[in-house]
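>>> Provide a 3D model corresponding to the input given below.
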Amino acid sequence: MASEAEPLRHFPGVPASGAQVLPLVLLAGFEEPEAAELRSLLEGDCRVAAARSLREARLTLQARETAVLCLGKLLSPVEARSLLAGTPDPAGPLVLLTAAGPDPAMFQDLIDEDRLFYLSQGELPARELSDLVRSALDRRRKSLEAEPAPARLRQAVLAARRVAVQPDLASAGELLPLAVEEAVETDRAYCLLYDPEDGVLWSRASGLEGEERHESSAVGLVSFVARTGRPVRVERATEDPRYEREADDPAGGPSAHLLAVPVKAEAEGRVLAVLCAVRGSDLHPGRAPFSAADEEALALLAATVAPPLAQLGLAARLEAEGRARDRVLRERTTEVFREEALDHYVAAAAREGDWLRLSPRWTNATFWLLVGLVAAFLIYSLVGTVDEHSTGPAVVRLSGRTEVTASQEGLVTAVEVRPGDRVAAGQPLVRFQSAREAAELERIEHAWELQLVEHLRDLSAPAPSQALIALQAERDLARARLDERVVRAPRAGVVRDVRSRPDQRVVPGAILLSLTGVASRPSLMALLPGEHRPLLRAGMPLTLELRGYGHAPQHLAITAIAEEVVGPEEARRLLGPEVAAAIPLDGPLVLVEARLPGTTFEAGGERYELHDGMWGTAEVRVRSEPLLAALVPGLRAVLERLRD
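Take a look at the predicted model:
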C-alpha cells in the first residue's frame, strides 16, 4: 500500500507534500510498466499511487483522500464491484473502469449515481486513459468549487413551492420575510407587495390578523427599488438621502445597513414586490454591511419566487375586475331589481353555465330530419321482414365409400398404396408380418415332399398315401393363413384415406384405409336443431360455409330429411367415429342431406377439391315475419287474420 509517509512506493521522485497539494489518482490493478507510463503522462497534473491487489486498494482508499480511481485488468469485474461497494459515498472518487468484462450491466447503479465517469469493456491505451483522468480531475475540481450554489438554489426552490400553495398575495407576503432570513444573515426582513396602478407598497402586518400596512411608493429606498426595478445595497441607510424610516425600516436604528431587491415578472418586467433585509440595530450596532454575495443570494430568491407570485397577482387582478363588474352591474340595476335577486343571480352565475342559445335555422332542419327518419322507420317496419334460420354443423361425405379394416391383430410391414391411387379388386393394399405363417408353410411343404418320395417308392403302400392326403390339407390351410396376412382391395376404386403405416401394430376392426368409387359424387350431411323438423321440407335452399372458407358460401338444396329426431350420441354414430369427435353436438338433432354440385368448390378466386370429412356450418331459412310483428308480438294474430 502507498502511505502518506511513503506516498508512491512504485514511483519514486514524486513529492509527498508541498505548498500546493495535487489531487490523488489511485491506479488499482495495473501492471508496473503500464502504471509507470501513466505516471509519466500525468506528471504535474496530479499525484499517482498504485495498488496491485484488492487489499492494497482498500487500504489506500481508507487512508488517503482520492480524487480519481482507475481500475485495471488485474482486478476481475467481481473484485472491482466489491471494491466500489465499499465506497458508497456519492462524494467519493470518480471511477474509471477500464476492464469491465463482457457484462457491464453489473455497474449500472454507479452509472445512475453519476460516480462512474467512464466504463470500457477492454483495456485502453495509456495516452487515452491519461486524457480521461485529466477530464475527471477537471470535473472534480468544478464540482467542488460550485458546491455551495445548489444549497442556496434548493432554499429558493423550497420558498417558491411554499409561495405557490398560498391562497392569496397577502399570505405570500407574510411568508417571504422568513425566506429572506434563510437566504441571508439579517436582523429584520420585510416583503412589500407593489401595486403600480395605485402606487402603493403594502403587506399584511405581522401578527395582526387581517390588518395591512400601506406605504406610498413616492418616498423611501424601497419605493426607489419598486419604481426603477434596480436593487439597492447601502451602508448606514440613515445617511442616504432616499431613506425614509417609516417606509423602509420602521424598527430601524442609526447604524442599520439595508439591502433591497425587486421581484419582477419575467414576461412583463413589472415589479411585483420588494424584498428588504436590514442588518444592525441599537442592540447590534457593529454588524458588517451586506456583501455582493448577499445581494446575489437575495436576487436568486427573488427570481425563483417571481413566477408563483405573478400567478397570485394575476388571480388577484381577475378577482378585482370581477368585483368591479359586479359593482357596476349592481349600481345600474338597483332601481329595477331587488338586492336579494341580484345576489341570487351573481351566485347562480358562478356555478351554472351560460344560457341555452338556440338557432331557428338548424332547429327547424333538425325537426324535419327527425320526422323523416321516424316515417322511414314506420314504413320499413311494415314492409321489412325478420328471418329465422336453422343452423347446425354439416359434414362432406363421398358416396360409395368403403372402409378397409384389419381382420386380425398384427404388425404392419408394408403399405402398398398411397392416397389417390386407383386399385383393382384383389390388389394387395397392406401387408402384415407373416414370418411365422411362412415358416409353417415351408415346414409342411417339406414334409409333403418327403412323403411324396416315399409314396413314389412304393405306390401300393397305404401309409404314405394317407399321409400325403393329410399334409395336403395342412398345406392348403397354411397357404390360406399366409394369404390372410395380406389385405387386398375388396373392389376397384380410389384410395382416399390411408391410416396405417409400417411398424404399426393394429387390432382387429381397426380402419386401415378407405376406398371410394372412381366416379363418386360428394354429398352433405347436416345436423339441424330438432325443433325445426316440422318446418323443414325437401327442396328448401341451404347455405353451406366450410370451416376455414367463411367468405365462400355454397348454395345447395335439401334432398332428404330424416323422420326421426335423435340425440347427440346417435348423431355421432350416423356421422361416423372418424369425424364425430371433432364436431360439437348438443340437444336434439335432425339429419338433413343435400347434394353438392361437384367435387370442387371455389373460394377467393381459386378452386379447391372437396374431401371426405370436411365440415362447416349449414343454414336454412325456416320462416320469416314482418318487422312490426317482431317488435310488437301482439300484432302477430292480427296480421295472420289479415293474411288469411
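
>>> So which residues of the stretch 251-400 of the chain form strands?
For the stretch 251-400 of the chain, the strands defined by DSSP state E, counting those that start in this stretch occupy 257-264, 271-279, 385-398.

>>> Residue 187 is nearest to which of those?
Proximity to residue 187 (CB to CB) singles out strand 271-279 among those, at 5.5 Å. All C-beta atoms are positioned from the backbone trio N, CA, C, and that covers glycine.

>>> Summarise which helices and strands the closest one is packed against.
Strand 271-279 sits against helix 169-183, strand 188-195, helix 221-228, strand 257-264, helix 292-333, with contacts defined as 3 or more CB pairs under 8 Å, 6 or more residues apart in numbering; DSSP states H and E.

>>> Report the buried residues of the fourth one.
In this case it means strand 257-264. Neighbour-count burial for strand 257-264 flags 257, 258, 259, 260, 261, 262, 263, 264 (criterion: 16 or more other CB atoms under 10 Å).

>>> end to end, how far does stretch 53-72 reach?
11 Å (CA to CA, to the nearest Å).

>>> picking up where we left off before, now the strands of the stretch 251-400 of the chain in a markdown table, with mean pLDDT and distance to residue 326?
Listed next are the strands of the stretch 251-400 of the chain as a markdown table, based on pLDDT from 0 to 100; distance: least, CB to CB, whole Å:
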| stretch | mean pLDDT | distance to residue 326 |
| --- | --- | --- |
| strand 257-264 | 94 | 30 |
| strand 271-279 | 93 | 26 |
| strand 385-398 | 86 | 63 |
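
>>> could the ones you listed go into a markdown table alongside distance to residue 344?
A markdown table is the format used below for these (distance: least, CB to CB, whole Å):
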| stretch | distance to residue 344 |
| --- | --- |
| strand 257-264 | 41 |
| strand 271-279 | 37 |
| strand 385-398 | 56 |
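
>>> among these, which is nearest residue 404?
Nearest to residue 404 among the strands of the stretch 251-400 of the chain is strand 385-398; the distance by CB to CB comes to 14.8 Å.

>>> For residue 378, the count of nearby residues, please.
11 (other CB atoms under 10 Å).

>>> And for the one 4 residues further on?
The tally of other residues near residue 382 (other CB under 10 Å) stands at 10.

>>> Give me the nearest residue to it, chain neighbours excluded.
The spatially closest residue to residue 382, leaving aside those adjacent along the chain, is residue 628, at 5.8 Å (CB to CB, 6 or more residues apart in numbering).

>>> my read: the one you found touches residue 380, true?
No: Residue 628 lies out of contact with residue 380 (CB atoms under 8 Å); the separation is 9.3 Å.

>>> Of the two, which one has the most company?
Counted by other CB under 10 Å, residue 628 and residue 380 do not tie: residue 628 has more neighbours, with 18 against 11.

>>> Let me know the helix or strand that residue 638 is in.
Taking DSSP states H and E as the definition, residue 638 sits inside helix 636-643.

>>> Among the strands of the stretch 251-400 of the chain, which comes closest to residue 251?
Nearest to residue 251, of the strands of the stretch 251-400 of the chain and by CB to CB, is strand 271-279 at 8.1 Å.

>>> quick one, that closest one and strand 188-195 angle?
160 degrees (axes from the mean of the first three to the mean of the last three CA atoms, to 10 degrees).

>>> Quickly run through the sheet partners of strand 271-279, with directions.
Applying DSSP bridges to the sheet, strand 271-279 is found paired with strand 188-195 (antiparallel), strand 257-264 (antiparallel).

>>> Tabulate these (JSON lines), appending distance to residue 249.
Formatted as JSON lines, the strands paired with strand 271-279 follow (distance: least, CB to CB, whole Å):
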{"stretch": "strand 188-195", "distance to residue 249": "7"}
{"stretch": "strand 257-264", "distance to residue 249": "7"}
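
>>> So which of the ones you listed is nearest residue 94?
For those, the distance to residue 94 is smallest for strand 257-264, at 37.3 Å, taking CB to CB.

>>> Just the CA atoms of the closest one, as PDB, please.
Extracted C-alpha coordinates of strand 257-264, given in PDB (Å, rounded to 0.1, in the frame of the first residue of the first chain):
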ATOM      1  CA  HIS A 257     -27.400  48.600   6.700                       C
ATOM      2  CA  LEU A 258     -30.100  47.900   4.100                       C
ATOM      3  CA  LEU A 259     -30.400  45.600   1.100                       C
ATOM      4  CA  ALA A 260     -33.500  45.700  -1.100                       C
ATOM      5  CA  VAL A 261     -34.100  43.500  -4.300                       C
ATOM      6  CA  PRO A 262     -37.100  43.700  -6.600                       C
ATOM      7  CA  VAL A 263     -39.200  40.700  -7.600                       C
ATOM      8  CA  LYS A 264     -40.100  41.100 -11.200                       C
END
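
>>> between residue 628 and residue 380, what contacts are shared?
Counting by CB atoms under 8 Å, 6 or more residues apart in numbering, no residue touches both residue 628 and residue 380.

>>> who touches residue 111 in this structure?
The contact partners of residue 111, by CB under 8 Å, 6+ apart, come to residue 119.

>>> where are the low-confidence patches of the stretch 1-150 of the chain?
For the stretch 1-150 of the chain, the stretches with pLDDT under 70 are 1-21, 63, 86-92, 99-103, 144-150.

>>> for it, what spans make up the strands?
Ranges of strands in the stretch 1-150 of the chain, per DSSP E, counting those that start in this stretch, are 24-28, 47-51, 68-71, 94-97, 116-119.

>>> distance between the first one and the chain's centre?
Using CA atoms, centre = their mean, to the nearest Å, the mean C-alpha position of strand 24-28 is found 45 Å from that of the whole chain.

>>> Same question for the fourth one.
A distance of 36 Å separates the centroid of the chain from that of strand 94-97, by CA atoms, centre = their mean.

>>> Go through the strands of the stretch 251-400 of the chain and name the closest to residue 199.
strand 271-279 (11.7 Å).

>>> quick check: angle from that closest one to helix 169-183?
Using the same axes, to 10 degrees: strand 271-279 against helix 169-183 is 40 degrees.

>>> Residue 557 belongs to a helix?
No: counting by DSSP: H, G, I helix; E, B strand; the rest coil, one finds residue 557 to be strand, located in no helix.

>>> Return the residues in contact with it.
539, 540, 541, 542, 594, 595.

>>> Show me the beta-bridge partners of it.
For residue 557, the beta-bridge partners are residue 541 (DSSP bridges).

>>> Distance check, it against residue 388.
Residue 557 sits 19 Å away from residue 388, going by CB to CB, to the nearest Å.

>>> What of residue 73?
From residue 73 across to residue 388, the span is 83 Å (CB to CB).

>>> How about residue 392: which residues does it bridge to?
Counting by DSSP bridges, the residues bridging with residue 392 are residue 618.

>>> before we move on, what about residue 516?
With DSSP bridges as the rule, residue 516 is bridged to residue 494.

>>> Can I get the strands of the stretch 1-150 of the chain in TSV including distance to residue 505 and mean neighbour count?
Below are the strands of the stretch 1-150 of the chain laid out as TSV (distance: least, CB to CB, whole Å; neighbours: other CB atoms under 10 Å):
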stretch	distance to residue 505	mean neighbour count
strand 24-28	72	25
strand 47-51	75	26
strand 68-71	69	26
strand 94-97	66	23
strand 116-119	65	18
